[in-house]
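>>> Sequence first, then the predicted structure:
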Amino acid sequence: MLALAVAAALMFLPRLVRQFKAGLMITPEMLRALQAEGGIAVIDVREAKDFDGETGHVPGAINLPLGELPTRIDELGSWRKDGIVLICRTQVRSGQAARLLAKHGFSGLRVVRGGMLAWRELGYPTEGNSVPEGRLGLNNA
């Protein structure tokens, strides 16, 4: 039994370490608290149709799809050291985005555990408006 537990831990440990290195997992409640404090950028890495779709998005979030992130990283330049919170439907794509941003020198990244599904489950408000490409307004550093 102990051997099975050790084997299971060894299987999941690398994934857990990668997620932890790339970005701190936060709850939707923590995101709300950070939003109240201000000074953060909530980046939703889902496609525009999902961002504006049935699930909606976190109020004030900026849509920057994961597939476009490699060519649009410079738009996040003023947030390189801290203040980026990533969200998607569940947390999978936002975790991938955190790893990509970390490889490009970003730090202080946060990923919302459970993504929009967890946000909606808690009954938090959503919006349905996207920001056009190239109009992020984040390069004000």
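Cool, got the structure. Numbering: from 1, shown residues only.

>>> now the helices: where do they sit in this protein?
2-22, 28-37, 48-51, 69-72, 92-103, 115-121 (DSSP state H).

>>> For the most centrally placed residue in the chain, which residues are in contact?
A centroid search over the chain (CA atoms, centre = their mean) returns L86, at 1.4 Å, as the residue closest to the centre. By CB atoms under 8 Å, 6 or more residues apart in numbering, the contact set of L86 is 23, 43-45, 94-95, 97-98, 101, 109-112. Glycine gets a C-beta too; all of them are placed from N, C-alpha and C.

>>> Return the member of the residues you listed nearest to V58.
D44 (6.8 Å; CB to CB).

>>> does V45 really touch L69, like I thought?
Yes: assessed by CB atoms under 8 Å, V45 is found in contact with L69 at 6.7 Å.

>>> which residues are common contacts for these two?
Going by CB under 8 Å, 6+ apart, residues that sit against V45 and also against L69 are A97.

>>> which of the two has more neighbours?
Between V45 and L69, V45 has the larger neighbour count (other CB atoms under 10 Å), namely 29 against 20.

>>> Could I get the contacting residues of that one?
V45 touches L64, P65, L66, L69, L86, I87, C88, R93, S94, Q96, A97, counting by CB under 8 Å, 6+ apart.

>>> What pLDDT is listed against the last one?
The score at A97 is 97. That number is its pLDDT.

>>> ok, the spatially closest residue to it that is not a sequence neighbour to G115 distance?
Counting by CB to CB, 6 or more residues apart in numbering, A97 lies nearest to V45, which is 4.6 Å off, once chain neighbours are set aside. As for V45, its distance to G115 is 10 Å (criterion: CB to CB, to the nearest Å).

>>> list residues touching both of the two?
If you check V45 and G115 against CB under 8 Å, 6+ apart, the residues they both contact are I87, C88, S94.

>>> For the first one, which non-adjacent residue is closest in space?
This points to I87. Closest to I87 by CB to CB, 6+ apart is V112, at 4.4 Å.
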